[in-house]
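> Make a model of this:
(chains A and B)
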Protein chains: 2
Amino acid sequence: MTDKLEHHVARGLDDLRALVALPSVSAQGRMLPETADAVAGLLRAEGFGVQQFPGTVAPVLLAEAGEGPFTLLIYNHYDVQPEDPLELWDTPPFELTERGGRLYGRGASDDKGELASRLAAVRAVREQLGHLPVKIKWLIEGEEEVGSPTLERFVAEHAAELQADGCWWEFGGISPEGRPILSLGLKGVMCLELRCRVADSDLHSSLGAVIDNPLYCLARAVASLRDEQGNVTIPGFYDDVRAASGADRQAIAQIPGDGQAVRDTFGVRRPLATGPAYNERTNLHPVVNVNGWGGGYQGEGSKTVLPGAGFVKLDFRLVPDQDPARVLSLLREHLTAQGLSDIEVVELEAHQKPARADAGHPFVQACVAAARAAHGQDPIVHPSSGASGPMFPFTGGAGGGGLGIPCVAVGIGNHAGRVHAPNENIVREHFARGVAFGVELLTRLGEMSPPAGAPASGAEAGR
Amino acid sequence: MTDKLEHHVARGLDDLRALVALPSVSAQGRMLPETADAVAGLLRAEGFGVQQFPGTVAPVLLAEAGEGPFTLLIYNHYDVQPEDPLELWDTPPFELTERGGRLYGRGASDDKGELASRLAAVRAVREQLGHLPVKIKWLIEGEEEVGSPTLERFVAEHAAELQADGCWWEFGGISPEGRPILSLGLKGVMCLELRCRVADSDLHSSLGAVIDNPLYCLARAVASLRDEQGNVTIPGFYDDVRAASGADRQAIAQIPGDGQAVRDTFGVRRPLATGPAYNERTNLHPVVNVNGWGGGYQGEGSKTVLPGAGFVKLDFRLVPDQDPARVLSLLREHLTAQGLSDIEVVELEAHQKPARADAGHPFVQACVAAARAAHGQDPIVHPSSGASGPMFPFTGGAGGGGLGIPCVAVGIGNHAGRVHAPNENIVREHFARGVAFGVELLTRLGEMSPPAGAPASGAEAGR
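Numbers count the residues shown, from 1 in each chain, chains lettered A, B, ... in the order given. Coordinates of the predicted model:
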């Protein structure tokens, strides 16, 4: 299939080369309007109407083209991570360079490679069919690498314009065995700091007989948050966890591997889950993590000090339909019940809510079928990544808010793709297969009715 | 009483001035043999036979004089802490300087002031009686401020020469109200580090769903070591704790205050004990303290990392007759029983065993009576300081080892004495009262028989 698409692949790579040449580093405010203009130009050349909106540090693009029964929202971003440390790149980061079947450059994978492969697919479909049989709404921001500070508000304010039957999410990967990996969700994340102070200053530890210890109090707090198996023990924590559907469970059961490669690679001594539990926990279980701990004397040897204060940094990874604000409230109630109400709980940054599409949703099934056709292999379907991202404003959830659009991440990344690091790369063949996937998906969506039970285009904005 | 001793006080301060002028900083190896020689010269001038032995960084002096039914061991040290930060001294650290009734200088209190006041008392007694009615064995080391690395071995090797009926310990203090404070013991101390590693490197915290967290494991370990009231929950921990005698409990009940001054000064939010429990816990209770904790991300904001490893620093403050080696063994068994046998337990430095004389011991009673006579006020008797020091080799305990000599700390320190800090000082009147105390003690001991039930001089070495 990819052979007959080769000239679209080549042209897509030309687009990618042009985009990689623009160092659109959002963290440094470099070349963002210029890159937005370049992307808008590529879209207009394929018949898209393009609107540009101000973001926080970079313009937001909203493009529209095509007509058909199915409305597809595509989400990508044109900004990239900084290139440093420059000395670790084997070739210049902003020159797309082919070596050994791979294409190297900052943004080659994340996310300009995804964007260019999708645009090539649109071009191929228009050439094959003479028209675009799907209404495409393409949202492309330039602030994803700095936490998408505008996205949630933008989606809420443009709910009607963004309403769609399905959303093609900005990333995706291909397994070491060449199987496409589809992710149907992202966990939510909430980052907190617990702070405990027992005195204005550090004291001699002989006073530990008569004054409590802040690091012990934090230990008691942290030990009370979960059990030895990794299950969270805050009362009410699991109340809002959405049950996985049969399709979700079936998908998880078919994910190959049980994490042995991760355990071997990183020398893991304390696995919490092996066997089938590995993929079940990764996809479906919310967890609390201790990210860091500090207080008292941390140098060589000993110092018999009673620290005046200490802190712990935590993140909660949440699953639908848990609400970070409610979890925060439950945590505070729990600490109070433990006699630890004096532990200060500080939210370190804006939280992200969890999002997940059902594996049985017709749009998911269309993506699965398109991936199988394009790659010639059965896809691996992850109901949720273990990681987090700004998907909730699109999907929404039981708690309200969000557009109610199922999101599927499917793309061209690879396990050695060094995203965010020096020598970021894609495999050329994966790019070609990504173009083929886009052609398959757009063609199939053009032939299907709006999914039963899914929102009609533009009809139920903001639910 | 101090009036008729005034010329001995003045001469004692001359001795102190000469000793302070010698910067005998053991941590820096400065002037140690010279200071040992100066001290030996002062002792010989009062009729002491003086032997000098090599220590680890400074000579050990063992002096002997007098004859009588009671053998008194005196323990002091001639080394001092470093003087820096020099800029915070109001007058030169190695020039004894009088201002407002106080004498300032490094070692003015710790421990040259104690040494000089005791020598002045010997001189006064010899003048008054024409002889020294007590056999005095005076052990003076030059390595106390670097942890007394030679002391335990020295005491064991010279057990027969050091045997005595009571030991006058190197420090002591006077309360803000002018009451002498006697300490009859020191807690033991054992400094440990707990280390937990779950992987070779830090990992993305999304893996926290399937890999355990080292900081959580440490939290569980630390939370399991004690309860909310500060009682240690390691099975068997209290087995060897010696019951306090009626005299001990009576002494504790008479200690003024309940720590309110400490709580006010340091803004303490979480007292473990107020009221009578404050002094009971300080004197009699063993505790575990968390001195420091480190691992993972400790910078500003959040980082969603699963740390590869973490550590906790602990000290145990122990009481007679707990044995640090047994406590270490109980801790390891406890961690294993908690499923935490992979937590590495590292002893950070040599531990010190606890030591305590019974408040009812005749030598203690003689010290109490002498202090009452010298100060004109009832002494405050602490069965044990909350702090630690190398007293066990002298006292011994139920577990064997040590000389079996009760030790009493009584001296001239004051609460604003800034020991180890810039502007170290003593109150001149306290020095004079210290001389008077020595005269009272030596006179009383000269009139008493060897205490019944206490070891006879030199007869039961090494028990």
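
> which residues does the residue most central in space within chain A contact?
By C-alpha atoms, centre = their mean, the mean C-alpha position of chain A lies nearest to A:Gly389, the distance being 3.8 Å. Applying C-beta atoms under 8 Å, 6 or more residues apart in numbering or on different chains to A:Gly389 gives the contacts A:Leu186, A:Gln352. Where you see a C-beta, it was placed from the backbone N, CA and C, and this is true even at glycine.

> Just the pLDDT for it.
At A:Gly389, the model reports a pLDDT of 91.

> any idea how far it is from A:Gly296?
According to C-beta to C-beta, to the nearest Å, A:Gly389 stands 36 Å off from A:Gly296.

> show me where the stretch 301-450 of chain A has strands.
A:305-306, A:309-318, A:344-347, A:355-356, A:380-382, A:407-409, A:413-414, A:425-427 (DSSP state E, counting those that start in this stretch).

> Of the ones you listed, give the one that comes closest to A:Tyr278.
Among the strands of the stretch 301-450 of chain A, the nearest to A:Tyr278 by C-beta to C-beta is strand A:380-382 (12.2 Å).

> In terms of secondary structure, what does the closest one contact?
Packing partners of strand A:380-382 (3 or more C-beta pairs under 8 Å, 6 or more residues apart in numbering or on different chains; DSSP states H and E): strand A:180-183, helix A:246-253.

> Of all the residues in the last one, which ones are buried?
Spelled out, that is helix A:246-253. A:Ala247, A:Asp248, A:Arg249, A:Ala251, A:Ile252 (16 or more other C-beta atoms under 10 Å in any protein chain shown).

> Chain A - how does it break down into domains?
A:3-186+A:354-447, A:188-241+A:273-347 (automatic domain parsing).

> Nearest to B:Trp138, out of the ones you listed?
Once those are compared by C-beta to C-beta, domain A:188-241+A:273-347 is nearest, at 28.0 Å.

> now A:Thr304, nearest residue through space, not along the chain?
A:Ser205 (4.1 Å; C-beta to C-beta, 6 or more residues apart in numbering or on different chains).

> got it, and A:Asp323?
A:Gly399 (5.1 Å).

> A:Ser201 now?
Nearest to A:Ser201 is A:Gly308, by C-beta to C-beta, 6+ apart, at 4.9 Å.

> From A:Arg195, how far off is the one you found?
11 Å.

> Please apply the same query to A:Glu349.
In terms of C-beta to C-beta, A:Glu349 sits 16 Å off from A:Arg195.

> what's the answer for A:Tyr216, then?
Counting by C-beta to C-beta - A:Tyr216 and A:Arg195 are separated by 14 Å.

> Same list as before, the buried residues of helix A:246-253 that is, but in JSON lines and with pLDDT and distance to chain B included.
Listed next are these as JSON lines, based on pLDDT from 0 to 100; distance: C-beta to the nearest C-beta, whole Å:
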{"residue": "A:Ala247", "pLDDT": "97", "distance to chain B": "21"}
{"residue": "A:Asp248", "pLDDT": "97", "distance to chain B": "16"}
{"residue": "A:Arg249", "pLDDT": "97", "distance to chain B": "17"}
{"residue": "A:Ala251", "pLDDT": "97", "distance to chain B": "17"}
{"residue": "A:Ile252", "pLDDT": "97", "distance to chain B": "13"}
